[in-house]
Structures are given as C-alpha cells and as structure tokens.
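Undergrad: Just need the structure, nothing else, for what follows:
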Amino acid sequence: MQKLGLIAGGGSLPVEIAEHCQRSGRPLFVIRLKGFAGEGLEPYAGAEVGLAELGKCFKALKRAGCHSVCLAGNVARPDFATLMPDLRGLAALPAAIAAARQGDDALLRMLVAEFEKEGFAVEGAHEVMDDLSLGAGPLGRIAPEPESAADIRQAMDVARAIGLLDAGQAAVVCRGLVLGLEAAEGTDALLARVADLPEALRGRPGAPAGVLAKAPKPTQERRVDLPTIGPATVEGVARAGLAGIVGEAGHLLVLDREAVTALADELGVFILGVDAPAS
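TA: Numbers count the residues shown, from 1 in each chain. Just a heads-up that it's a prediction; the model follows:
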C-alpha cells in the first residue's frame, strides 16, 4: 500500500482516517494544520504546518515518502491578509485569492491542483476508507414511513439546487415546506434554527415530521469536502422534531458509524441513502 499523507484539519474525520490506516497497516504521515488539527492526531508520525506553508508541507510529505494525500477535516476560510506563507505558498497565493472570489469549490479545486502539480495522487476520504460513506437504503433499524417520501425527494432537490450556487450542502423540508437552508453556519446551526420554529411547522417528539437532506454540490471536487453526518447531526434532527436524514449513497460520509447507527435507532430517526441522479 502506498504511504498516505493525511492533510488534517479539525473534527473527527482525520482521526478516523488515521485509525483506519493504523488498523489496516497502511503507512501514514500526518500534516497537522496549525490552529485546526485536533489532539487525537499527536500519536502519529507527522509535522505541524501553517495553512500557507505549502513548501514546508510538500517537502515534509516527500521526505516521508508519501505518494498519495488525503485532505480531510474542517478548515475555516482564511483571512488572506493575515497568512504567513513560505516561498511556495507565496507563489500560489494570487491563484488562491482569485479562486476564493469564485467560491469555496474553486478554492478547493485550486488546492487539489497544487498537490497534483507536485506529483501526489489525491484520494478522497471515502476512497481511503471503503466503509465511510453511506450505502443505499436505511442505515440501522429505522426506515422512513411512506408519508416521508415526498419530503425526501424535495429536500434532496433543494439541497442540490443550493449546491449549484455554492451556497451549502443541506436543506430541511417538512410537509412540502422548506424550513431552512445551510450556508456558512453549518448543519448544526441550521438544525438549531429549525428547532426554534413552531412545532406546527416541523413536527415534535412523538410525532416527528420532515427531513434533513445533505448532498454534494453538483460541480464540486468530490475528493474533498463531501457532506458528513455524525452523532451531533442525529441529535440535532431529533431535537428539531424531524423524522430523518437522507443523502446520496456513496457521497455522504458517516462519522463514528456505530455511534450514529445506535443513536438513530434509539431516537427513532431514519438515515437513508438514495441513488444519485443520472448524469
């Protein structure tokens, strides 16, 4: 197996990938991004690198013998005026600023291209871990009731529509009414906003209704920034009185799958993988 360079931001996804590599015997080297990477990555061989220190990053990866890289974890859009790039980062900075003006997708595509220019193969998190993405059909014991079918279709359509605008990856629909759209605030904040709506709009404990849909942006680079859910997503859906979660099979990452499945079963929340639309 080729040695993997893990470019690690925040959250639990980089830790899951590192643990998977350790279990499977895949050699690993972790680039911990300053200010973002969590403490769970400290035990692994690697280096700490600033967000604009591309030269330091590339040299560390090549010195470690990495042939592939995986970009994973949460990284907030930087204030370019405060970055401290090295020479290689400085050379890439004008292109990064120009790409950022076109949206997050363009910025991520530009970053992926920089790694490919250096000869690295870029692997998606779902490619590194085959069992990380949601499969088709229900996850766990709870399946959607027939009355959720229309909300499932509409919520997925809406999530894909806002993705075309590079606005977000998630939407909430209940009984045909769009209750909320995700933007820069993220899914947890979206669900908190929905939970503050009147129960007549969104369902309630014991009588849940409505769906959270998460979909990749149709034009995005799918090796980075696929939509994710975790235990906090399930808790937020239940708190908002929603019946379930739906995403594209193969294109929704499930973090801490065992905990997510057990929690969804306990709270009566369905999690459903549906086929992506034909291209």
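Undergrad: Alpha carbons of the helix or strand harbouring residue 70, as PDB, please.
TA: Using DSSP states H and E, residue 70 maps to strand 68-72. Provided in PDB are the C-alpha atoms of strand 68-72 (Å, rounded to 0.1, in the frame of the first residue of the first chain):
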ATOM      1  CA  SER A  68      -0.800   9.900  -2.100                       C
ATOM      2  CA  VAL A  69      -2.500  12.600   0.000                       C
ATOM      3  CA  CYS A  70      -6.000  12.900   1.500                       C
ATOM      4  CA  LEU A  71      -7.400  16.300   2.600                       C
ATOM      5  CA  ALA A  72      -9.800  15.800   5.500                       C
END
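Undergrad: Note down every partner strand of it and its orientation.
TA: strand 4-8 (parallel), strand 121-122 (parallel) (DSSP bridges).
Undergrad: Could you say which helix or strand holds residue 29?
TA: strand 28-33.
Undergrad: Partner strands of that strand and their direction?
TA: Sheet pairing of strand 28-33 (DSSP bridges) gives strand 4-8 (parallel), strand 46-49 (parallel).
Undergrad: send the alpha carbons of the last one over as CSV?
TA: The C-alpha coordinates for strand 46-49 follow below in CSV (Å, rounded to 0.1, in the frame of the first residue of the first chain):
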residue,chain,number,x,y,z
GLY,A,46,4.0,13.8,11.0
ALA,A,47,4.6,17.6,11.1
GLU,A,48,2.8,20.7,12.0
VAL,A,49,2.4,23.1,9.1
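Undergrad: what does that strand rub up against?
TA: 6, 29-34, 37, 56-57, 60 (C-beta atoms under 8 Å, 6 or more residues apart in numbering). C-beta: built from backbone N, CA, C; applies to glycine.
Undergrad: Stretch 258-278 too?
TA: 134-144, 148, 152, 156, 160, 208, 229-231, 233-235, 237-238, 242-252, 254.
Undergrad: Could you identify the buried members of the residues you listed?
TA: Buried members of those, counted by 16 or more other C-beta atoms under 10 Å: 134, 139-140, 142, 144, 148, 152, 156, 160, 208, 229-230, 233-235, 237-238, 242-248, 250-252, 254.
Undergrad: quick one: which of those sit in helices?
TA: 152, 156, 160, 233-235, 237-238 (DSSP state H).
Undergrad: pLDDT score assigned to the closest residue to residue 76 other than its chain neighbours?
TA: In space, and not counting its chain neighbours, residue 76 is closest to residue 36: 7.6 Å by C-beta to C-beta, 6 or more residues apart in numbering. Residue 36 is assigned a predicted lDDT (pLDDT) of 89.
Undergrad: Likewise for residue 254?
TA: Looking at residue 254, its pLDDT reads 96.
Undergrad: Residue 230 versus that one, what's the distance?
TA: Using C-beta to C-beta, to the nearest Å, residue 254 is found at 8 Å from residue 230.
Undergrad: who's in contact with the closest residue to residue 66 other than its chain neighbours?
TA: Leaving out its chain neighbours, the residue that sits closest to residue 66 by C-beta to C-beta, 6+ apart is residue 5, at 3.6 Å. Counting by C-beta under 8 Å, 6+ apart, residue 5 touches 29-31, 61, 64, 66, 68-70, 120.
Undergrad: With distance to residue 272, pLDDT and neighbour count as added columns, please give these in JSON lines.
TA: Shown next, in JSON lines, are these (distance: C-beta to C-beta, whole Å; pLDDT from 0 to 100; neighbours: other C-beta atoms under 10 Å):
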{"residue": "29", "distance to residue 272": "37", "pLDDT": "97", "neighbour count": "20"}
{"residue": "30", "distance to residue 272": "34", "pLDDT": "97", "neighbour count": "26"}
{"residue": "31", "distance to residue 272": "35", "pLDDT": "96", "neighbour count": "26"}
{"residue": "61", "distance to residue 272": "38", "pLDDT": "97", "neighbour count": "27"}
{"residue": "64", "distance to residue 272": "40", "pLDDT": "96", "neighbour count": "17"}
{"residue": "66", "distance to residue 272": "37", "pLDDT": "97", "neighbour count": "21"}
{"residue": "68", "distance to residue 272": "32", "pLDDT": "96", "neighbour count": "19"}
{"residue": "69", "distance to residue 272": "32", "pLDDT": "97", "neighbour count": "24"}
{"residue": "70", "distance to residue 272": "27", "pLDDT": "96", "neighbour count": "27"}
{"residue": "120", "distance to residue 272": "35", "pLDDT": "96", "neighbour count": "20"}
